[in-house]
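Enquirer: Model the structure of this input:
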Amino acid sequence: MAARRDIRIAIAGIGNCASSLIQGIHYYTPERCRDGVVGLMHTEIGGYLPCDIQVVAAFDVDARKVGQDVARAIFAKPNCTKIFQRDIPDTGVIVKMGQVLDGISEHMADYAEDRTFVRSDARELGKAEIVAELKRSGADVLLNYMPVGSEQAARFYAECALEAGVALINNMPVFIASDKSFADRFKARGIPIIGDDIKSQLGATITHRVLTDIFAKRGVKVLRTYQINTGGNTDFLNMKNQERLVSKKISKTEAVQAVAKKRMEDENIHVGPSDYVPWQNDNKIAFIRMEGHLFGDVPMDLELRLSVEDSPNSAGVVIDMIRCCKLALQNRIGGVLEGPSAYFCKHPPHQYTDDEAYAMTEDFIRANAAKLSAVV
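Expert: Predicted structure coming up:
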């Protein structure tokens, strides 16, 4: 297969998740990929390795990031994720001032600067300017990393992607791909989209789903369950504002309900972020409890504690989503990518079991990689 050009990405929101993603692009060198990869679901997709991904545009609103090369901005405060790849050369891509809109919750001003956002006094770029930057940079895919609850900001960048003609990956729990009006517009424009709300590589939601699926397959009736999460990054600090959590709680709850044998009553299921613990930084701790009845209505319960570094836990999933979007672009497939959205996201337009979503995604990759091979 002939060599393919880089996959060019733009990023809206240079926080911990963007930091882990960019570190990973440089960590997974061709040598590492040849020698046996740890931590990737797919070493290559359609001939693309993680290191074939190139950042060509970036937007943020924090004073410590705007105006900086993206290679330095990913290590600026309030980012606090684990650094596993520090040696990242300057990219020549300068972080530009995006639109604030509802991207910063008012309560964040009550916390120390090194824990929260410091709004830049640079002029906010207008929609036409951001669209122009996406076009100028030659971006293939725009990643939405807006904070939870940023409904206006998420929709703003979705509109920018539509106008610029670039694919969109909606990592956040604002319903874009699962909003039929948006999905239809991406389809009509022939632009691929994956969403909504990223499902981490091995996080609380995928673990909770797998356990719920086991209960269903083994004939155990789930009576009630909860998932409680704590963390110390800006995501958890932002989510202390309960008004910003509506779509997040829906997304996480529906991801679990979708694989239950019988839908639980609302009062019997609680899934969602619970509290901000500053010293945890980017470490996320999840507590899952499930109560049910076995054979003969005999009661049982299960409790699990999961500790993961939150942002690296999402980065490998995003790397796969980026490459799936590139396959779609090259094969002129527009609209929601059904299999990848169901496998990689908590709130896709249509929920499937993880086994079904995995099979659909593998079929998508095989079929579209094969089409590319046939024309090279």
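
Enquirer: Strands along the stretch 51-200 of the chain, start to end?
Expert: Remark: strands of the stretch 51-200 of the chain, listed N- to C-terminal, are 53-60, 96-97, 141-144, 167-170, 192-194; assignment by DSSP state E, counting those that start in this stretch.

Enquirer: So which of those strands is the most surrounded?
Expert: strand 192-194 (a mean of 30; mean count of other Cβ atoms under 10 Å). For every residue, glycine as well, the C-beta is placed using N, CA and C.

Enquirer: Now do the residue lying closest to residue 174 once chain neighbours are set aside: how many residues are near it, please.
Expert: Counting by Cβ to Cβ, 6 or more residues apart in numbering, residue 154 is the residue found nearest to residue 174 once chain neighbours are left out, at 3.7 Å. In terms of burial, residue 154 registers 30 neighbours under the definition other Cβ atoms under 10 Å.

Enquirer: mean confidence score for stretch 349-369?
Expert: Stretch 349-369 shows a mean pLDDT of 97.

Enquirer: same deal with stretch 156-168?
Expert: pLDDT averaged over stretch 156-168 equals 98, rounded to a whole number.

Enquirer: which residues are contacting that stretch?
Expert: Residues outside stretch 156-168 that contact it (Cβ atoms under 8 Å, 6 or more residues apart in numbering): 10, 12, 98-99, 101, 127, 130-131, 134-135, 139-142, 144, 146, 170, 176, 182, 185-186, 189, 191-195, 325-326, 328-329.

Enquirer: Which parts of the stretch 251-376 of the chain are helices?
Expert: Secondary structure of the stretch 251-376 of the chain (DSSP state H, counting those that start in this stretch): helices located at 312-330, 338-344, 354-375.

Enquirer: what angle sits between the first one and strand 53-60?
Expert: In this case it means helix 312-330. Counting by axes from the mean of the first three to the mean of the last three Cα atoms, to 10 degrees, helix 312-330 lies at 110 degrees to strand 53-60.

Enquirer: which other helices and strands contact helix 312-330?
Expert: Contact partners of helix 312-330 among helices and strands, from 3 or more Cβ pairs under 8 Å, 6 or more residues apart in numbering; DSSP states H and E: strand 7-12, helix 16-27, strand 53-60, strand 141-144, strand 167-170, strand 192-194, helix 338-344, helix 354-375.

Enquirer: and if we set it to 7 Å?
Expert: Counting by 3 or more Cβ pairs under 7 Å, 6 or more residues apart in numbering; DSSP states H and E, the packing neighbours recorded for helix 312-330 are strand 7-12, helix 16-27, strand 141-144, strand 167-170, strand 192-194, helix 338-344, helix 354-375.

Enquirer: Equivalent analysis for the shortest one, please.
Expert: Contacting helix 338-344 under the criterion 3+ Cβ pairs under 7 Å, 6+ apart are the following elements: strand 192-194, helix 312-330, helix 354-375.

Enquirer: Kindly recompute the last result at 6 Å.
Expert: Helix 338-344 sits against helix 312-330, helix 354-375, with contacts defined as 3 or more Cβ pairs under 6 Å, 6 or more residues apart in numbering; DSSP states H and E.

Enquirer: centre of the chain versus it, how much separation?
Expert: Centroid separation between helix 338-344 and its chain, computed with Cα atoms, centre = their mean, to the nearest Å, is 12 Å.

Enquirer: Likewise for the last one?
Expert: For helix 354-375, the distance from its own C-alpha centre to the chain's C-alpha centre is 21 Å (Cα atoms, centre = their mean).

Enquirer: Sounds good, over and out.
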